[in-house]
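# Take this sequence and fold it.
(one chain, ligands or ions: 2)
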Amino acid sequence: MGNTGIFVPPVGMGVLTVGRTQLNLPLAEGAAVVRYALERGIDFLDTAEYYETYPYIRAALAKTDIRPVIASKSLSHSYAGMDRAIEDMRSALNLDVIDIFLLHEVREAPDFESRVGAWTCLCDAKAKGRVRAIGISTHYVDVARLNAALPDSDILFPLINMESLGVRDGAGPGTKEDMAAAIRTNSERGKGVFTMKVFGGGNLTGSYLEALDYVSALPGVDSIMVGMGKMDEVDRLAEYAEGVIDRSYVPDIKHKKIRIDRGDCEGCGACVPVCPGKAIRIEPDGIAAVNHDVCITCGYCAAACPVRAILLF
Ligand code: SF4
Ligand code: SF4
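Ligands and ions are numbered 1, 2, ... in the order given. Prediction:
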């Protein structure tokens, strides 16, 4: 990955999928999926402080000698918050050195300025050898461009897919072409790049191979991070990474959707500001509602809901 000296497979496993905001698998079941991915050669995992999925990874690693590259990230703004997030991961996964740790979901370039404390902590952690590579995850083209200009950043983790679903640029929508250009610039400047949302949160799953091929072919992309929650999903993606997938493969495209349990929703509004695409709102009757035309099933709203009224099925 760029100048980091870290080597990853062409497809990585997003562990979010097995966790509480999505499938919410029992620990042993989720850990088994993680371990299966490792055994199939997908030895690159993405997680986050916010996802609360470290226990799945720890349980998976307890039953294998494979040691994957693990990337994590924190939504922290402050130095102290980021410092705590780094130590929590080192402790939870029994790691001396974290491979990759990122600022999680930087929204527009000014948001980076507001998180300078957390960024300074990441730089210090790298200098002290607690983290090997640092960088930014983002849905925003302007933030991807900013990352390319950051001398201390090693990694970009951007959102891109063949329909530009969820790509943002400043206060408005962004395009896949502009994000692809930003990715290329990052790569040319020695940053490692792995991408998210190749299927636009499930909306492009029906164009499975086309969606994977689009991102795989982008100059500068080192790996594609894909959420996996089932063994057969792991199998197909391992086959894709190995170049042996049946090119006539068409997945089951019965899409899961974010749904509101109207009986449980208390109308508190906590889900609204965390949505990256303004896809959820409070209706006049005081209950949340989702616009499925723009929802990318990222699950952030579900994690913010204090009464678990947001479901994915
Ligand atoms: S409604 Fe929820 S799942 Fe959909 S994009 Fe917004 S935060 Fe993500
Ligand atoms: S966070 Fe949960 S309870 Fe609050 S408005 Fe959203 S869905 Fe309803």
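# and the residue of the stretch 1-150 of the chain nearest ligand 2?
Across the stretch 1-150 of the chain, no residue is closer to ligand 2 than T21, which sits at 12.4 Å (C-beta to the nearest ligand atom). Any C-beta I mention is one placed from the backbone N, CA and C, and that applies to glycine too.
# residues contacting that residue?
T21 is in contact with 51, 299-300, 302-303, 312, counting by C-beta atoms under 8 Å, 6 or more residues apart in numbering.
# Ligand 1: which of these is nearest?
Each of these was scored against ligand 1 by C-beta to the nearest ligand atom, and Y300 proved nearest at 4.1 Å.
# Just give me the residue closest to the centre of the protein.
With the centre of the chain defined as its mean C-alpha position, the nearest residue by C-alpha atoms, centre = their mean is M196, 5.5 Å away.
# Let's verify S187: helix, strand, or coil?
When states are read from DSSP: H, G, I helix; E, B strand; the rest coil, the local structure at S187 comes out as helix.
# tell me the pLDDT at it?
What the model reports for S187 is a pLDDT of 98.
# For the residue nearest to the centre of the chain, list each beta-bridge partner.
On the basis of DSSP bridges, M196 takes part in beta bridges with L159.
# check contacts around it.
Shown in contact with M196 (C-beta under 8 Å, 6+ apart): 14, 46, 137, 157-160, 225.
# all helices for the stretch 201-313 of the chain, in order.
With helices called from DSSP state H, counting those that start in this stretch, the stretch 201-313 of the chain shows them at 208-216, 231-242, 300-304.
# Measure how far the shortest one is from the centre of its chain, please.
When you say that, I think you mean helix 300-304. With C-alpha atoms, centre = their mean, to the nearest Å as the basis, the distance from the averaged C-alpha position of helix 300-304 to the chain average is 14 Å.
# I would like the residues contacting the top helix by length along the chain, please.
Longest helix of the chain, by residue count under DSSP state H: helix 79-93. Counting by C-beta under 8 Å, 6+ apart, the neighbours of helix 79-93 from elsewhere in the structure are 49, 54-55, 57-58, 61, 70, 72, 74, 76, 95-96, 98, 101, 117-122, 125, 130-131.
# I'm done for today, thanks for sticking with me.
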